[in-house]
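Participant: this one's structure only:
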C-alpha cells in the first residue's frame with residue numbers, strides 16, 4: 001500500500017456514497033437520518049457535475065403516469081418538508097408550471113395526458129385560451145390553451161445539494177477520484193480507494209450521475225448510463241416577466257424521446273434574482289463540451305415565440321451539462337444483486353434534482369431494511385439486458 005494512503009477508524013463508515021451532486025447529497029441526508037454513518041466522495045466539488053448545470057426543476061407536469069411520476073410525487077412532498085428545514089439559500093419556490101398548446105390537436109393530447117396524471121394524484125388544471133394571460137400576461141397571443149400544474153416547483157440546485165450535504169452530517173472527501181471499488185473474496189463490496197485514502201464500508205452507493213456507468217464498471221458490473229448534453233441561456237436581470245415555469249407541449253415528447261439527434265423545446269422561467277432561464281435542448285454527443293450555435297439559436301427563437309417580450313433581451317451567458325440517460329428513461333435505484341453491497345442511485349436524466357429526495361429515501365430504506373415509501377422494483381439496476389449495457 002502506498003505510504004500516502006490514509007486509513008483510520010474514521011474512514012470506516014456504514015456507507016460510502018460516490019457523488020456530491022444533489023442525488024448523492026439526498027442519499028447522504030436520508031441515510032444519516034436513518035442513523036447510519038456516511039462518507040461522500042467526489043472527484044470534484046459539491047455540485048460540480050450535472051447538478052451545477054441544472055435549472056433546479058422539481059416537476060410533475062412532464063411525467064406520464066407510471067413509476068417516475070410516482071417517484072416525482074413522493075419527492076415533491078419531501079421537497080416541501082425539506083424547504084421548512086433547509087436554509088433559505090436553497091431558494092425553494094413553489095411557482096407552479098404552465099404547459100401551453102399552440103393548437104386544438106395538441107391541446108386535446110395534453111388533455112388526455114393530464115387525465116392519466118390526475119389518476120396518479122397530480123393536480124392538473126385546464127386553462128382556456130382566454131385565461132392564459134391571467135397567469136402569464138406576457139405570453140404570445142394565439143395559443144389554444146394549456147394546463148396549470150401548481151405542484152411544480154424550483155430550487156437553486158447547487159445550493160440545494162450543498163445544504164442537504166451539510167445537513168447530512170456526512171464526512172466529505174472532495175477532489176478525490178475513486179480509483180477502485182474494494183471487494184471481498186466472495187465478491188461483495190468492502191469499500192473503495194482513492195489516490196489519498198481507503199474508505200472501508202459494507203455498502204457503496206453509486207450516485208455518480210453521468211459517470212455512473214464508469215463507477216459500475218469499477219465494481220465489475222454494467223449500467224448503460226450515457227451522457228445527453230443540454231444547454232441553458234441566462235438573460236440579463238428583469239422584472240418578473242415570467243411567473244411560472246412555462247413550456248410548450250412538445251417538451252414532453254422530447255423528454256420521453258430516445259433520439260440522439262438535437263432536440264429543442266422552450267422551457268422559460270424567471271428566478272428570484274431576476275434573470276430568466278431558457279432551456280432545454282437534448283442531444284447525445286458523448287462528453288463533447290463544445291458550444292452548439294444551432295442549439296442556442298433554437299432556444300432563443302423558441303423562447304421569443306412564447307414570450308415576445310424576450311426578443312430584445314440580452315443573453316448574458318450560456319451553460320451546459322450532461323444528463324445521465326438510461327435507455328428506458330427510468331433511474332437505477334437500489335441494490336445491485338450482481339455485486340452484494342453495491343447500490344445505484346443514478347440515471348435520472350434531466351429529473352435528478354426533482355427526484356433526489358425520493359431516491360435518497362429509497363436508498364436509505366434499502367440500506368437499513370426498512371419498508372420503502374414506494375415500490376422500488378421498476379428501478380432495479382439489473383433490469384437491462386447485457387447487450388443494452390455495451
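Facilitator: Yep, that arrived. In this text, all values refer to a predicted model and were calculated from it rather than measured experimentally.
Participant: okay, residue 281: pLDDT?
Facilitator: Per-residue confidence (pLDDT) for residue 281: 86.
Participant: Is it correct that it is in contact with residue 298?
Facilitator: Yes. Using C-beta atoms under 8 Å, residue 281 is in contact with residue 298, at 7.0 Å. For the C-beta atoms, the positions are set from N, CA and C on the backbone; glycine is no exception.
Participant: of these two, who's got more company?
Facilitator: The neighbour count for residue 281 versus residue 298, taken as other C-beta atoms under 10 Å, is higher for residue 281 (24 against 18).
Participant: Could you report the separation of that one from residue 139?
Facilitator: According to C-beta to C-beta, to the nearest Å, residue 281 stands 22 Å off from residue 139.
Participant: Check the average confidence over stretch 205-215, would you?
Facilitator: pLDDT averaged over stretch 205-215 gives 98.
Participant: And it, what's buried?
Facilitator: With burial defined by 16 or more other C-beta atoms under 10 Å, the residues of stretch 205-215 counted as buried are 205-213, 215.
Participant: So which of those are in helices?
Facilitator: 212-213, 215 (DSSP state H).
Participant: so is the residue sitting nearest the centre point of the chain in a helix, a strand, or just coil?
Facilitator: Centroid-nearest residue in the chain: residue 352, 1.4 Å away (criterion: C-alpha atoms, centre = their mean). Look at residue 352: counting by DSSP: H, G, I helix; E, B strand; the rest coil, its state is helix.
Participant: quick revisit: overlap of the contact sets of residue 281 and residue 298?
Facilitator: Counting by C-beta atoms under 8 Å, 6 or more residues apart in numbering, the residues touching both residue 281 and residue 298 are 262, 264.
Participant: Next, format the buried residues of stretch 205-215 as JSON lines and append distance to residue 187.
Facilitator: Converted to JSON lines, those look like this (distance: C-beta to C-beta, whole Å):
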{"residue": "205", "distance to residue 187": "18"}
{"residue": "206", "distance to residue 187": "16"}
{"residue": "207", "distance to residue 187": "22"}
{"residue": "208", "distance to residue 187": "21"}
{"residue": "209", "distance to residue 187": "25"}
{"residue": "210", "distance to residue 187": "26"}
{"residue": "211", "distance to residue 187": "23"}
{"residue": "212", "distance to residue 187": "20"}
{"residue": "213", "distance to residue 187": "20"}
{"residue": "215", "distance to residue 187": "17"}
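Participant: Which one of the residues you listed is nearest to residue 178?
Facilitator: residue 215 (6.7 Å; C-beta to C-beta).
Participant: Can you verify my assumption that that closest one contacts residue 192?
Facilitator: No. Contact between residue 215 and residue 192 fails when scored by C-beta under 8 Å: they sit 9.3 Å apart.
Participant: what's the overlap in contacts for these two?
Facilitator: Contacts common to residue 215 and residue 192, judged by C-beta under 8 Å, 6+ apart, are 18, 178, 181.
Participant: Tell me the spatial nearest neighbour of the last one, not counting adjacent residues.
Facilitator: Closest residue to residue 181 apart from its sequence neighbours, by C-beta to C-beta, 6 or more residues apart in numbering: residue 219 at 4.2 Å.
Participant: dump the residue contacts of that neighbour.
Facilitator: 181, 183, 189, 204, 206, 336, 339, 342.
Participant: Now do the helices in the stretch 151-300 of the chain.
Facilitator: For the stretch 151-300 of the chain, applying DSSP state H, counting those that start in this stretch gives helices covering 157-168, 212-218, 250-256, 293-306.
Participant: For the ones in helices among the buried residues of stretch 205-215, please prepare a markdown table with the additional fields distance to residue 307.
Facilitator: What follows is those, written out as a markdown table (distance: C-beta to C-beta, whole Å):
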| residue | distance to residue 307 |
| --- | --- |
| 212 | 36 |
| 213 | 38 |
| 215 | 40 |
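Participant: Now do the SS call for residue 79.
Facilitator: Secondary structure, three-state DSSP: residue 79 is helix.
Participant: hang on, isn't it packed against residue 151?
Facilitator: No. If you go by C-beta under 8 Å, residue 79 and residue 151 don't touch, sitting 10.0 Å apart.
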